[in-house]
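Visitor: give me a 3D structure for the following:
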Amino acid sequence: MSRVYLPIGTATATCGACSRMSEQRKPPVTTGQIFETDIVGLTLDGEGVGRFNGFTLFIEGALPGEKVRAEVVSVGKSFGKARLESVLVKSVHRRNPPCPIYDQCGGCQLQHLNYPGQLQWKRQYVVDSLVRIGKLPVAGEPQRAEAAADAAREPITVHPVIGMDDPWRYRNKAQVPIGESEGGLVGGFYEQGSHDIVDMNACLIQEEENEQTVRAVKGAAGSLGISAYNRATGRGLLRHVVVRHAATTGQRMVVLITNGLNIPHQDELIGLIREQVPGVVSIVQNINTERTAVVFGKDTRTLWGEDVIYDEIGGIRFAISARSFYQVNPVQTRRLYESAVRYAGLTGEETVVDAYCGIGTISLFLARHARQVYGVEIVPEAIEDARRNAALNGIHNVEFAVGAAERVLPRWQASGIRPDVIVVDPPRKGCDQVLIDSLLESRPSRIVYVSCNPSTLARDLRLLEDGGYRTVEVQPVDMFPHTVHVESVIWMVQK
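Guide: Below is the predicted model:
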């Protein structure tokens, strides 16, 4: 069963009925049954949680505090799904989603929850993860018995989520699947629960420059008779259009993901894109011939213009290639990195290790305040970008290495490198156990953990706490408004 969190300053809601249901042969509800229920929480997918005849049902579009009428659409052993028919009592946080295709598109999950309500829910999501999964004491929250055993420690401060002044039009990258209809090429999003492409010309979380670029590329490719890739048959050429926009420079990059090397009318296509897309400085082709849902293939070539575009965050300039990892929300990225630098507590004399350094974004922020920074990343292309970005900014007190952090850290330690601060920014699965062990062996005075998944974050903090560290503060940052995702920056010190 998905774990359930309440958005408005309450503890986690769990369902004792779920465990009792395993003892029953038949669920007390049937498909097609109409029922009324009070909504007591939200799942991690943003679905409302209600109960009927003691059975837990997840209802998309319902919000905590509401009373709704719904229809059961599926029943499992522990929980079921229901379709919202009507809201009988509305939440004070409900609003009408401004996006006209919100009900079809799976890109946003929380547009029906107003922005203050979203920020409250995301903070509670982080808090509940720390308390339940990490068994950690959080200021203002009831302590579990496991956390109470360490009663002498100060509880963790979880700050309010840093939100956006204007939580719309923030994404600087669009990744659009391409298909065909009777009217020509379409590009937009996969309809929920299928691989049918719904054409879309506007997305309220995308920068308008990205929308304009995608429309231009669709029109140009369609006018030249370029075929779209068909997932069912594996035939057709154009799979995706990826657009990157650098707000500070105005530069745009167009990436054509193709099912093969040769593009019919390539010169004409390049000419049309250059003519119709203001600010385009790079047109790139990526070749992916695999029958896979993975967007990018292994081979990338520049068809016209530059290999990269340039953007700035916090006064640091970055070169961004077609496959570079670069945060899609530059406004919030600056706030995220500033929080990481603040928690690192640098005076200019420290040695810092940045694990999972990517293209060097956090590393370069840290290098302006540290004596020396070492960055490690397993992707060779990312390290090439990191070195280029360091040179681009004239930052010389940073060194990058290719490899798995859990292998490189012991090697650095054996060579005499003793980090005062280690920063980790892992993927959603969190830190590998071997890396956790390497962190504990390195014994930095501080650990700064940047997380995109509260659940794996809480698991890793528990391991680090058991290894001799104490979590002091957590600063959540809303990198993706109107979705269920939340990032956090965590400050840990040696006990």
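
Visitor: residue 245 - how many residues pack around it?
Guide: The local packing of residue 245 (other Cβ atoms under 10 Å) involves 25 other residues. (Each C-beta comes from the backbone N, C-alpha and C, glycine too.)

Visitor: check residue 56 too.
Guide: Counted by other Cβ under 10 Å, the residues lying close to residue 56 total 28.

Visitor: bridged to residue 352, which residues?
Guide: Using DSSP bridges, the beta-bridge partners of residue 352 come out as residue 373, residue 421.

Visitor: that one - how many residues pack around it?
Guide: Neighbour count of residue 352, defined by other Cβ under 10 Å: 28.

Visitor: any idea how far residue 234 is from it?
Guide: Distance from residue 352 to residue 234, counting by Cβ to Cβ, to the nearest Å: 47 Å.

Visitor: quick check: phi and psi on the residue lying closest to residue 60 once chain neighbours are set aside?
Guide: For residue 60, the nearest residue in space outside its immediate sequence neighbours is residue 47; the separation is 5.0 Å by Cβ to Cβ, 6 or more residues apart in numbering. Torsion angles at residue 47 (phi, psi; degrees, to the nearest 10) stand at phi -90, psi 140.

Visitor: next up, the contacts around residue 47.
Guide: Taking Cβ atoms under 8 Å, 6 or more residues apart in numbering as the criterion, residue 47 is in contact with 2, 58, 59, 60, 61, 62.

Visitor: so which of the residues you listed sit within strands?
Guide: With strands defined by DSSP state E, the entries of the contacts of residue 47 inside them are 58, 59, 60.

Visitor: coming back round to it: got TSV for the contacts of residue 47, with pLDDT and distance to residue 162 too?
Guide: Putting those into TSV (pLDDT from 0 to 100; distance: Cβ to Cβ, whole Å) gives the following:
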residue	pLDDT	distance to residue 162
2	39	26
58	98	29
59	98	30
60	95	28
61	96	27
62	98	28
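
Visitor: can the residues you listed go into JSON lines with extra columns for distance to residue 395?
Guide: As requested, the contacts of residue 47 are exported to JSON lines (distance: Cβ to Cβ, whole Å):
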{"residue": "2", "distance to residue 395": "43"}
{"residue": "58", "distance to residue 395": "48"}
{"residue": "59", "distance to residue 395": "51"}
{"residue": "60", "distance to residue 395": "47"}
{"residue": "61", "distance to residue 395": "48"}
{"residue": "62", "distance to residue 395": "50"}
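
Visitor: from the residues you listed, pick the one nearest residue 361.
Guide: Relative to residue 361, the closest of those is residue 2; by Cβ to Cβ it sits at 31.9 Å.

Visitor: A helix includes residue 209, no?
Guide: Yes - judged by DSSP: H, G, I helix; E, B strand; the rest coil, residue 209 forms part of a helix.

Visitor: compute the distance between it and residue 169, please.
Guide: In this view, residue 209 and residue 169 are 10 Å apart by Cβ to Cβ.

Visitor: same drill for those two, tell me which one is more crowded.
Guide: In this comparison of residue 209 against residue 169, neighbours counted by other Cβ under 10 Å, the higher total goes to residue 209 at 21 against 15.

Visitor: contacting residues for that one?
Guide: Contact criterion Cβ under 8 Å, 6+ apart gives 245, 252, 279 as the residues in contact with residue 209.

Visitor: can you list these in TSV and add distance to residue 185 and secondary structure?
Guide: Below are these laid out as TSV (distance: Cβ to Cβ, whole Å; DSSP: H, G, I helix; E, B strand; the rest coil):
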residue	distance to residue 185	secondary structure
245	21	strand
252	20	strand
279	23	coil
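
Visitor: and which of the residues you listed is nearest to residue 495?
Guide: Within these, proximity to residue 495 (Cβ to Cβ) peaks at residue 245, which comes in at 45.4 Å.

Visitor: ok now do the closest one, which residues does it touch?
Guide: With contact set as Cβ under 8 Å, 6+ apart, residue 245 has these partners: 172, 173, 207, 209, 210, 213, 251, 252, 253, 279.

Visitor: what's stretch 109-126 in contact with?
Guide: Contacts made with stretch 109-126 from outside it, assessed by Cβ under 8 Å, 6+ apart, are listed as 5-10, 42, 44-46, 61, 63, 91, 93-99, 102, 158, 160-161, 163, 167, 454, 457, 474, 476, 478, 481-484, 486, 488.
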